[in-house]
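Colleague: only geometry, no sequence info:
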């Protein structure tokens, strides 16, 4: 066979292979983004003894599982949106990590996580957040006493909620400008700007925020680079504070005293 034809076949084969890779990534992108643990309906949370397990109904008919942790008369409540992995089985311990802040806490599992019903969707996660907020208001919490808290994936959900509902403050731990931007860092060859069905475009929403914002990030975060947080911070027009933790990575910020100190100082200023 002529060398030109051989090269042509190789090129065509590589192009077809790349197209298949892109197709597979498009179809299974949820596997790259979401890593939930599911729980049996009768699973018992260890921290439920400090509060109660709650079920929250969303506007589209899903049931969201949550833990409402009481702190002995605190009028403030932290509405916590966790990262992309696990479930309340593991995320429940955030309540212990933050107990010195003396806030009540509601931690939820998004649809498709833990005991929550439904399947993944960006718009669905936003509905979960609104329903959780409205649950707190119905339970007697004043909007001025609700602190919205997002971590990693949850920061995009927290920011979206903060543009729709009134709250005392917004805390963003390890945030990003958008899921697409993070995907471009790790999977540029998968053309996330073109193929991603999930945007979580926090940078677009940041200028709409009107409440005080605290951003906490680690300078050694390899999953979501700190420049993402810095760009997001620059786009926020409301009162804002940025705490960059030296040596902090994506999963260990809670182990630095600066973490809870930054939150306590932020809450004291609200």
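Modeller: Yep, that arrived. Values in this document were obtained by computation on a predicted structure and should not be read as measured data. Numbering: from 1, shown residues only.

Colleague: what sits closest to residue 241 if chain neighbours are left out?
Modeller: Leaving aside its sequence neighbours, residue 241 sits nearest to residue 214 (CB to CB, 6 or more residues apart in numbering; 4.9 Å). All C-beta atoms are positioned from the backbone trio N, CA, C, and that covers glycine.

Colleague: reduced to three states, what does the nearest residue to residue 218 once chain neighbours are set aside come out as?
Modeller: Spatial nearest neighbour of residue 218, chain neighbours left out: residue 248 (2.6 Å); criterion: CB to CB, 6+ apart. With DSSP: H, G, I helix; E, B strand; the rest coil as the basis, residue 248 sits in coil.

Colleague: secondary structure element for the residue nearest to residue 241?
Modeller: Residue 214 belongs to strand 213-218 when elements are defined using DSSP states H and E.

Colleague: the helix or strand just after that strand packs against which elements?
Modeller: The first helix or strand that comes after strand 213-218 along the chain, using DSSP H and E, is helix 226-235. The contact analysis (3 or more CB pairs under 8 Å, 6 or more residues apart in numbering; DSSP states H and E) places helix 226-235 against helix 202-205, strand 213-218, strand 240-245.

Colleague: now helix 226-235, how far from the centre of its chain.
Modeller: Helix 226-235 has its C-alpha centroid displaced from the chain centroid by 16 Å (CA atoms, centre = their mean, to the nearest Å).

Colleague: what angle separates it from strand 213-218?
Modeller: 170 degrees (axes from the mean of the first three to the mean of the last three CA atoms, to 10 degrees).

Colleague: figure out how far stretch 125-139 is from the centre of its chain.
Modeller: Chain-centre distance of stretch 125-139: 15 Å, with CA atoms, centre = their mean.

Colleague: quick check: mean pLDDT across that stretch?
Modeller: Regarding stretch 125-139, the rounded mean pLDDT is 98.

Colleague: do the same with stretch 241-258
Modeller: 97.

Colleague: tell me which residues of it come out buried.
Modeller: For stretch 241-258, the buried set under the neighbour-count rule, 16 or more other CB atoms under 10 Å, comprises 241, 242, 243, 244, 245, 248, 250, 253, 256.

Colleague: and the gap between the closest residue to residue 254 other than its chain neighbours and residue 253?
Modeller: Once flanking residues are discounted, residue 254 sits nearest to residue 97: 4.9 Å by CB to CB, 6+ apart. Separation of residue 97 from residue 253 (CB to CB, to the nearest Å): 10 Å.

Colleague: could you give the average pLDDT over stretch 261-270?
Modeller: The average pLDDT for stretch 261-270 rounds to 95.

Colleague: re the thing from before, from residue 223, how far out is the residue nearest to residue 254?
Modeller: Residue 97 is 19 Å from residue 223, by CB to CB.

Colleague: so where's the chain uncertain?
Modeller: Residue ranges of the chain with pLDDT under 70: 1-7, 9-27, 48-49, 73, 189-195.

Colleague: which stretches in it count as strands?
Modeller: 35-36, 51-57, 63-69, 77-81, 85-86, 104-108, 146-151, 169-173, 213-218, 240-245 (DSSP state E).
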